[in-house]
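Participant: quick one: sequence and predicted model below, then my questions.
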Amino acid sequence: MERLTLVLTGVIVIASLAVPVAGATIDASVTDVEVAPSTPAPGESVTLTATIKNRASSTSALDVQSVAVRSAGGGINEYARVRNVGRLSPGTSLDLPLTISFDSAGQRDLRVIVYGNNGIELRYPVIVDVEEQHPQLDIQANESVEGVESTGTVTVANGLSSDISNVRVTVEGSEVEMTEKQSVLASLASGESATSEFGFRPESAGRHNVTATVQYSIEGTSRTVSQTTEIRTKRAKQSISLTGIDVTREGEKFQISGSASNIGTSDIESVLVSVKSTDGVDPAMPNREYFVGTIPASDFVSFDVYARTDDSTSAIPLEVSYLINGERQQQTIPVTVADSTRDQQVGSTTDGGMSGSIAIVLGAVITLAVGVIIVIGWRSQRDGS
């Protein structure tokens, strides 16, 4: 800090006290320069607030023509200048802010220079440390499957020398729907860390970028830091299972009914169940195929189709086709025709089957009658004796 006593005759004297001379004097100095934030980041605005004082011992006002911030080494490297600042009467002071920024990290040796009337120059040294420092971010995401909601976390570690406040964490992704993307922390002390969750649903399989952005305040200055990580998304395994199958003989054809069950994790569209034509199997009316439509995840829809078969056929192939992400998928599921089902149905619709049943019933009646006769004869013989 330099303190200057000026005799208005034009002679400049630098001393710690005003020098009594004939005529009016100016006893002025830059008493302080406050730097905020104290450790700015590259590209961030930093304000140097200079306190200029014209002491009461002065007998004349100080006309502040301009105030500049320059490198200590001189030259033409000037960072800021404010002109026509105003007049300071004896016993008054002025706080003048000057805003500058630096493109890169490093220590800056500066001077705040006040230019006054009659050639007055007041200088004050300022050291500014520009640091590329932000809270550290760590993004973690669970294994994800396309179309399925998953979760992840963002950990914010405050390794700065000062507390931070108004911490807002936002997560965005490419080809990723964010189901829960923002959280807020009131403050985070120096040396502490905090973890917040986010939810996401990948729209497709493959690699996707997820970016976490943290906005925060430090010493009254707003800052932003971002970090991007890559997540890998697997393709959803979708398939349909035919459940609750019931095969019934109706004359010369079979009715196959049951449920098409979606055992996947996302909806399946345009589901069609049909009888596949093979050797010994042909689709039959009234339903050669059955349009099921959309089956929600973990749900089912009933169907009903018909087929004709040869006597040697043991299974009826059902073809199930459906759409996943606009692509047509197919799978063939065999439905077993049990011998008991075939024999029972055939026996109930032929004369031979009916005659066999009558013969069994008549045989049972005759056997019972013979038994009764034998019992009666045995009792009669016993009574007569």
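Facilitator: It's in.
Participant: which neighbouring elements make contact with the helix or strand containing residue 214?
Facilitator: When elements are defined using DSSP states H and E, residue 214 is found to belong to strand 206-218. In terms of contacts (3 or more CB pairs under 8 Å, 6 or more residues apart in numbering; DSSP states H and E), strand 206-218 is packed against strand 136-141, strand 150-157, strand 164-173, strand 221-234. From N, CA and C alone the C-beta is placed, and that goes for glycine too.
Participant: who does the third one pair up with?
Facilitator: By that I understand strand 164-173. Strand 164-173 has the following sheet partners, assigned by DSSP bridges: strand 182-188 (antiparallel), strand 206-218 (antiparallel).
Participant: of the helices and strands packed on strand 206-218, which is nearest residue 68?
Facilitator: For residue 68, the closest of those is strand 221-234, at 22.9 Å, according to CB to CB.
Participant: which secondary structure elements does the helix or strand just after that closest one sit against?
Facilitator: The C-terminal neighbour of strand 221-234 among helices and strands, as given by DSSP H and E, is strand 240-250. Applying 3+ CB pairs under 8 Å, 6+ apart, one finds that strand 240-250 makes contact with strand 253-262, strand 268-275, strand 315-324, strand 327-336, helix 339-347.
Participant: which regions of the chain lie under the pLDDT threshold?
Facilitator: Applying pLDDT under 70 to the chain flags residues 1-23, 75, 325, 339-385.
Participant: near the closest residue to residue 100 other than its chain neighbours, how many other residues are there?
Facilitator: Spatial nearest neighbour of residue 100, excluding adjacent residues (CB to CB, 6 or more residues apart in numbering): residue 79 at 4.2 Å. Residue 79 has 18 neighbouring residues, counting by other CB atoms under 10 Å.
Participant: pretty sure residue 79 contacts residue 47?
Facilitator: No. With contact defined as CB atoms under 8 Å, residue 79 does not reach residue 47; the gap is 11.9 Å.
Participant: tell me what angle the helix or strand where residue 301 lies forms with strand 268-275.
Facilitator: Here residue 301, judged by DSSP H and E, is contained in strand 300-309. Angle, strand 300-309 to strand 268-275, by axes from the mean of the first three to the mean of the last three CA atoms, to 10 degrees: 20 degrees.
Participant: list the contacts of strand 300-309.
Facilitator: Residues outside strand 300-309 that contact it (CB atoms under 8 Å, 6 or more residues apart in numbering): 243, 250, 252-262, 271, 273-275, 280-290, 292-293, 295, 316, 318, 337.
Participant: quick check on those: which are buried?
Facilitator: If you count burial by 16 or more other CB atoms under 10 Å, the buried members of the contacts of strand 300-309 come out as 253-262, 271, 273-275, 281-284, 287, 289-290, 292, 295, 316, 318, 337.
Participant: for the spatially most central residue of the chain, which three-state class applies?
Facilitator: Taking CA atoms, centre = their mean, the centroid of the chain lies closest to residue 200, which sits 3.8 Å from it. With DSSP: H, G, I helix; E, B strand; the rest coil as the basis, residue 200 sits in strand.
Participant: and it, what does it touch?
Facilitator: Residue 200 makes contact with 141, 144, 149-152, 171, 173, 176-179, 181, 210 under the criterion CB under 8 Å, 6+ apart.
Participant: check the gap between it and residue 194 for me.
Facilitator: 20 Å (CB to CB, to the nearest Å).
Participant: now swap in residue 262 and tell me
Facilitator: Here residue 262 is placed at a distance of 40 Å from residue 194 (CB to CB).
Participant: before we move on, what about residue 26?
Facilitator: Per CB to CB, residue 26 is found 54 Å from residue 194.
Participant: neighbour-wise, which of the two wins?
Facilitator: Between residue 26 and residue 194, counting by other CB under 10 Å, residue 26 is the more crowded of the two (25 against 17).
Participant: for the helix or strand hosting that one, buried residues please.
Facilitator: Using DSSP H and E, residue 26 maps to strand 25-36. Neighbour-count burial for strand 25-36, counted by 16+ other CB under 10 Å, picks out 25-30, 33, 35.
Participant: cool, and stretch 154-169?
Facilitator: Here stretch 154-169 shows 154-156, 158, 160, 163-164, 167, 169 as buried, counting by 16+ other CB under 10 Å.
Participant: what's the spacing between that stretch and its chain's center?
Facilitator: Relative to the centre of its chain, stretch 154-169 is centred 20 Å away, using CA atoms, centre = their mean, to the nearest Å.
Participant: what's the answer for stretch 34-49, then?
Facilitator: 34 Å.
Participant: now the end-to-end length of it.
Facilitator: 5 Å (CA to CA, to the nearest Å).
Participant: again with stretch 107-123
Facilitator: End-to-end for stretch 107-123, by CA to CA: 19 Å.
Participant: is it true that residue 313 lies in a helix?
Facilitator: No. Using three-state DSSP, the secondary structure at residue 313 is coil, not a helix.
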